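Trainee: whatever this is, show me its structure:
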Amino acid sequence: MTFKKIILFCHRWLGFISGLVVFIVSITGCLFCFQDEIQDAMHDYRKVEVQYKPYLEPSVLKAEALKGRKGATATYMYYYGVNRPAAVLVNLPKDEMLYVYLNPYTGKITHTENPQKNFFIIVEYIHLYLLLPAKVGSLVVGISVIIFMVIMITGLILWWPKRKSDRKRSFNIKWNGRWRRVNYDLHNVLGFYATSIALILSITGLSMVFDSVREGIYTTANLGKAYPSEKEVLKSDSLLKGKVKSTFVVDKAFAIAQSRSPKAEMFFINDDATAAGTVGISAYAQTLHYYNSDEYIFEKYTGKLLKQTPQAKKSPGLKMNEMNYDLHVGQIGGLTTKVIAFLASLICASLPITGFIIWLGKRKKSKSKKVKSVVHRRVVHKHNLA
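Mentor: The predicted structure follows:
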């Protein structure tokens, strides 16, 4: 078996193994690319009227969100921007949760949503887990994405024209050809153009599934240099629990983060409920973008600032990992990169289909040749007998 036949064998059978998962993951990726724009157009609660006054304190919004919900807790909060609501993630008994959206200036609840009923969150769950249990689903998706990367590389090897004279023709789709030729070109030519973007989407997706990939990106971007402070896990002094009034520590922490990151458009608050937990605040430079942020960690009982990590002082590896989501959904460069990610995902979804059609056509052609060969042998045999 020649090298090219081995590559073709791997390309074909790996495609059969991962094709369905790749199609599902790619098509859901397409749907998710413009989810913010679509939801903004559909839902009024995602915008509020700008009021030129400070936001209400986190404790006020949290108390409003929890009002009337016995046994509920809230650890995570977002201030999405001056013209957007705040959101409190409320944990209800029996592992249920709600997103409670509030006007950040008045504290009025504008919308309450069960995330399990949000179309785009369902799409995201399918994309990440295929609606399987998280550990199983993420592993199936992760392995399929790795296989897909191998398929893209082997496909590139198979497709690459040997002669320079063939390259111009190979980079274009022959739209006026027979439908089988058009399908062949759609598989090969579009696959070639999408390869680089598809590999970026695949690697960023894998970093969400496998810690080893995320760590590999971190180490590679840092050229192997260690940054111990970024790995440090800070804790609050649990002995202070009950001895210090810490009711409004989150408010104090939020005020400090706002004053130190005055240009930040969005804030995320993580008030860890465990005894040794801390209050973490991320101040994002741009609303609904997660790759450029200043990070603050506070002692949860005294409000003391334990650590501050501005964007400028983060290591290249940490910046790359924090850039992961925005790269994966294509919003890193605004509308242009979203369109590119959408088209690349759409092409990736089409590849298992066009590839299967190519295989089916060759299989039928092979069967036809075998039938003709048998008929020919019979005719020759009869002729010799005569």
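
Trainee: all strands for the stretch 251-386 of the chain, in order.
Mentor: Applying DSSP state E, counting those that start in this stretch to the stretch 251-386 of the chain gives strands spanning 266-271, 278-284, 293-299, 305-309.

Trainee: what about the helices in the stretch 251-386 of the chain?
Mentor: Secondary structure of the stretch 251-386 of the chain by DSSP state H, counting those that start in this stretch: the helices cover 316-322, 324-329, 335-385.

Trainee: give me the buried positions along stretch 68-79.
Mentor: The neighbour-count check on stretch 68-79 (16 or more other Cβ atoms under 10 Å) flags 72, 74-79 as buried. For every residue, glycine as well, the C-beta is placed using N, CA and C.

Trainee: again but with stretch 47-58, I slipped
Mentor: Going by neighbour count (16+ other Cβ under 10 Å), the buried part of stretch 47-58 is 48, 55-58.

Trainee: ok, stretch 216-235 next?
Mentor: Those would be 217-218, 221-222, for stretch 216-235 by 16+ other Cβ under 10 Å.

Trainee: end to end, how far does it reach?
Mentor: Counting by Cα to Cα, to the nearest Å, you get 27 Å between the two ends of stretch 216-235.

Trainee: need the residues that contact it.
Mentor: Applying Cβ atoms under 8 Å, 6 or more residues apart in numbering, the contact partners of stretch 216-235 are 203, 207, 276-278, 297, 306-307, 309, 314-321, 324.

Trainee: repeat the analysis, applying 7 Å as the threshold.
Mentor: 207, 276, 278, 297, 306-307, 315-318, 320-321 (Cβ atoms under 7 Å, 6 or more residues apart in numbering).

Trainee: from those, which has minimum pLDDT?
Mentor: The pLDDT minimum for those sits at residue 276, where the score is 88.

Trainee: leaving out the residues flanking it, which one is nearest to it?
Mentor: residue 235 (4.2 Å; Cβ to Cβ, 6 or more residues apart in numbering).

Trainee: sec struct for that neighbour, please.
Mentor: Secondary structure, DSSP: H, G, I helix; E, B strand; the rest coil: residue 235 is coil.

Trainee: distance of it relative to residue 294?
Mentor: 21 Å (Cβ to Cβ, to the nearest Å).

Trainee: now residue 93
Mentor: 35 Å.

Trainee: stretch 231-242: how far from the chain's middle?
Mentor: 32 Å (Cα atoms, centre = their mean, to the nearest Å).

Trainee: buried sites along stretch 132-142?
Mentor: By neighbour count on 16+ other Cβ under 10 Å, the buried set for stretch 132-142 is 137-138, 140-142.

Trainee: so where is the stretch 201-350 of the chain shaky, pLDDT-wise?
Mentor: 245-247 (pLDDT under 70).

Trainee: ok so, going back, so which of the buried residues of stretch 68-79 belong to strands?
Mentor: 74-79 (DSSP state E).

Trainee: could I get those residues as TSV with distance to residue 4 and pLDDT?
Mentor: Below are those laid out as TSV (distance: Cβ to Cβ, whole Å; pLDDT from 0 to 100):
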residue	distance to residue 4	pLDDT
74	59	94
75	55	93
76	53	96
77	57	97
78	53	98
79	57	98
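
Trainee: any chance of the residues you listed in TSV, with distance to residue 9 too?
Mentor: Shown next, in TSV, are these (distance: Cβ to Cβ, whole Å):
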residue	distance to residue 9
74	54
75	51
76	49
77	53
78	50
79	55
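
Trainee: was I right about residue 200 contacting residue 327?
Mentor: Yes. Counting by Cβ atoms under 7 Å, residue 327 is a contact partner of residue 200 at 6.4 Å.

Trainee: more neighbours, those two?
Mentor: residue 327 (20 against 17; other Cβ atoms under 10 Å).

Trainee: what's the neighbour count on the residue lying closest to the more buried one once chain neighbours are set aside?
Mentor: Leaving aside its chain neighbours, residue 327 sits nearest to residue 204 (4.8 Å; criterion: Cβ to Cβ, 6+ apart). Residues lying near residue 204 (other Cβ under 10 Å) number 22.

Trainee: residue 204: what's it in contact with?
Mentor: 324, 327-328.

Trainee: could you check how far the nearest residue to residue 272 once chain neighbours are set aside is from residue 263?
Mentor: Of all residues not flanking residue 272 in the chain, residue 278 sits nearest, at 5.7 Å (Cβ to Cβ, 6+ apart). Separation of residue 278 from residue 263 (Cβ to Cβ): 24 Å.

Trainee: which of those two has more residues huddled nearby?
Mentor: residue 278 (21 against 8).
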